[in-house]
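*Asks:* next comes the sequence, and after it the predicted model I'd like to discuss.
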Amino acid sequence: MDSVQILQWLKLVNMKLVSRGGQSVTLVGKRLVVFGGENAKGPLLNDLHILDLESLTWGEIDATGLPPSLRSDHSAAIHADRYLFIFGGSSHAARLNDLHVLDLQTLEWSRPTQKGEMPSPRACHAGITIGQNWFIAGGGDKRSGVSDTIGLNMSTLVWSVVTTVQSSSPLACEGFSLVLVTYRGLQMLVSFGGYKYNRQYSNEVNVLKPSYKIEPLQQPLVTKEVALPGK
């Protein structure tokens, strides 16, 4: 432990940001983008906020277009340093499988046309991006854990099923963590933990080695820079 630096948490002033859980937090350059979640008193949210990691100050994003509905326990990803993708999650009535995209240059929401094998509704899943591919694993549909790992090519907007596990597998559950690891030049997804609807918790580690060619990111269609709030 001699080589471990002792760190200390710093509490930031949050401009009266509503307390919440089940939100998504995505890194965009030197800013964190926070979307949605559920308030401690029960109401669901679909607001957008940013935290500037240099000034450590909060700001709110006022976007145009039709935003995602109120939700929590969804997933989010960034594509080409410009597009914020929001997928799935949970309302108070149902699990969701819709896809929304926020253009961080024009600050406009859209509902893109998708192709391929459309994913089933799910919440409390995990997602990781590799190149222009977004891998989403686990989650639940209010009855049981979701057994398929899906992938979205964020440039072509084509969905596919990457792999499927047995319903009894610890991967067919909610709440596990998922990270990207590079080992001997090979990129792998590594999951840990999770829980099923019978409250059975897992301490398993599972590894997925995607077998595909990583294609270079496509250039954004618009090159004009538009600053996010607070920049």
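*Replies:* Nice, I can see it.
*Asks:* packing partners for the helix or strand containing Asn97?
*Replies:* Element membership for Asn97 (DSSP states H and E) is strand 95-103. On a contact count with 3 or more Cβ pairs under 8 Å, 6 or more residues apart in numbering; DSSP states H and E, strand 95-103 meets strand 83-90, strand 108-110. The way it works is simple: take the backbone N, C-alpha and C, and place the C-beta from them, glycine included.
*Asks:* got JSON lines for these, with mean neighbour count and mean pLDDT too?
*Replies:* Shown next, in JSON lines, are the helices and strands packed on strand 95-103 (neighbours: other Cβ atoms under 10 Å; pLDDT from 0 to 100):
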{"stretch": "strand 83-90", "mean neighbour count": "24", "mean pLDDT": "98"}
{"stretch": "strand 108-110", "mean neighbour count": "15", "mean pLDDT": "98"}
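*Asks:* possible to save these as TSV with distance to Phe192?
*Replies:* As requested, the helices and strands packed on strand 95-103 are exported to TSV (distance: least, Cβ to Cβ, whole Å):
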stretch	distance to Phe192
strand 83-90	21
strand 108-110	33
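*Asks:* buried residues, stretch 92-110. List them.
*Replies:* Buried residues in stretch 92-110, counted by 16 or more other Cβ atoms under 10 Å: 95-105, 107, 109.
*Asks:* in PDB, list the C-alpha atoms belonging to the strand holding Asn97.
*Replies:* The C-alpha trace of strand 95-103 is given here as PDB (Å, rounded to 0.1, in the frame of the first residue of the first chain):
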ATOM      1  CA  ARG A  95     -39.600  -0.800 -19.000                       C
ATOM      2  CA  LEU A  96     -38.500   1.000 -22.100                       C
ATOM      3  CA  ASN A  97     -36.500   0.200 -25.300                       C
ATOM      4  CA  ASP A  98     -36.600   3.600 -27.200                       C
ATOM      5  CA  LEU A  99     -33.500   5.300 -28.500                       C
ATOM      6  CA  HIS A 100     -32.900   9.100 -28.400                       C
ATOM      7  CA  VAL A 101     -30.000  11.200 -29.600                       C
ATOM      8  CA  LEU A 102     -28.900  14.600 -28.400                       C
ATOM      9  CA  ASP A 103     -26.700  16.600 -30.800                       C
END
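*Asks:* ok, for Gly89, nearest residue in space, not its chain neighbours?
*Replies:* His74 (2.8 Å; Cβ to Cβ, 6 or more residues apart in numbering).
*Asks:* my guess is the one you found contacts Phe85. True?
*Replies:* No. Using Cβ atoms under 8 Å, His74 is not in contact with Phe85; the gap is 10.1 Å.
*Asks:* which residues does Ala126 form beta bridges with?
*Replies:* On the basis of DSSP bridges, Ala126 is bridged to Ala137.
*Asks:* that one: neighbouring residues, count only.
*Replies:* For Ala126, the neighbour count with other Cβ atoms under 10 Å is 21.
*Asks:* going along the chain, name the helices of the chain.
*Replies:* Read by DSSP state H, the chain holds no helices at all.
*Asks:* where in it is pLDDT low?
*Replies:* Low-confidence segments of the chain (pLDDT under 70): 1-4, 14-15, 211-231.
*Asks:* how about 90 then?
*Replies:* Applying pLDDT under 90 to the chain picks out residues 1-18, 40-42, 56-57, 142-143, 167-171, 183-187, 196-200, 209-231.
*Asks:* how about stretch 168-179: buried residues?
*Replies:* Ser169, Pro170, Leu171, Ala172, Cys173, Glu174, Gly175, Phe176, Leu178.
*Asks:* what do you get for stretch 195-208?
*Replies:* Under 16+ other Cβ under 10 Å, the buried positions of stretch 195-208 are Tyr195, Lys196, Ser202, Asn206, Leu208.
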